[in-house]
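Enquirer: Any chance you could fold what I've pasted below:
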Amino acid sequence: MNLIECSSLAGALAGSCVGGVFGYQWAGVLGAGAGAVGGLVLGLFPGPLIGGGLFWVVLTQERWSRRKRLRPRLGRYWTRDRAQAWVDLKERLPVATAVQGTVILRESFGCHLDIGVAFPARIDSWNHPHDDPDPPPLDARVEATVRSFDDENREVVLTRKEQAPPGEKRPSAR
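Expert: You can find the predicted model right below:
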């Protein structure tokens with residue numbers, strides 16, 4: 001059961017109870033049944049709205065918290081006036097390009113780097129077989145390869161694994 005369904009059912013249950021109590025106070029047993037049904041129907045609607053609102057808050061809080069921590073080093077990279085700079089960066093920094101950067105933010109799943117392009121670079125997981133399981137400390141120098149671009153967050157996605165440039169075949173390991 002997801003958050004929306006759960007909040008909808010909780011709203012319906014609460015509405016049914018409140019409707020039943022008010023119905024009983026105003027019209028007795030028959031009023032309790034009618035109030036419970038009315039409360040159930042009315043309770044179904046605000047539940048998903050409240051649940052959706054809470055879900056939105058959780059998702060955006062993580063994004064804004066990350067932006068707040070990256071802002072001192074990279075400025076307001078997510079604003080509309082930086083949209084053309086993001087498009088230009090994607091043209092001049094092709095996938096499979098090797099880059100070096102400094103760790104500016106550590107998170108539980110990986111880290112963010114400053115690679116000198118005015119936008120953050122993200123390594124999602126620290127899964128290279130020769131690396132330690134933990135990301136490097138802050139201000140450490142890291143080498144990585146551009147894997148893709150996250151347009152929604154305006155982040156360069158990196159990997160520690162070597163990649164062949166598009167259209168080029170890698171030699172098979174034997």
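Enquirer: From now on I want contacts and neighbour counts done on CA atoms only, so please keep to that.
Expert: Fine.
Enquirer: how about the CA coordinates for stretch 136-148, as CSV?
Expert: Provided in CSV are the C-alpha atoms of stretch 136-148 (Å, rounded to 0.1, in the frame of the first residue of the first chain):
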residue,chain,number,x,y,z
PRO,A,136,36.3,9.9,-0.1
PRO,A,137,36.5,12.6,2.5
LEU,A,138,35.6,16.2,1.7
ASP,A,139,38.1,18.2,-0.4
ALA,A,140,39.6,14.9,-1.7
ARG,A,141,40.5,14.9,-5.5
VAL,A,142,38.6,12.2,-7.5
GLU,A,143,38.9,11.0,-11.1
ALA,A,144,35.7,9.9,-12.8
THR,A,145,34.0,9.6,-16.2
VAL,A,146,30.9,11.4,-17.4
ARG,A,147,28.0,8.9,-17.6
SER,A,148,25.0,11.2,-18.3
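Enquirer: which residues of this protein fall in helices?
Expert: Taking DSSP state H, the helices of the chain run over residues 3-44, 46-74, 83-92.
Enquirer: Mean neighbour count, the ones you listed: which tops it?
Expert: When the helices of the chain are scored by mean count of other CA atoms under 10 Å, the highest mean neighbour count falls to helix 3-44 (a mean of 19).
Enquirer: And for residue 146, nearest residue in space, chain neighbours not counted?
Expert: Of all residues not flanking residue 146 in the chain, residue 158 sits nearest, at 4.5 Å (CA to CA, 6 or more residues apart in numbering).
Enquirer: now swap in residue 75 and tell me
Expert: Nearest non-adjacent residue to residue 75, counting by CA to CA, 6+ apart: residue 118, 7.8 Å away.
Enquirer: Since that was my last question, I'll sign off now.
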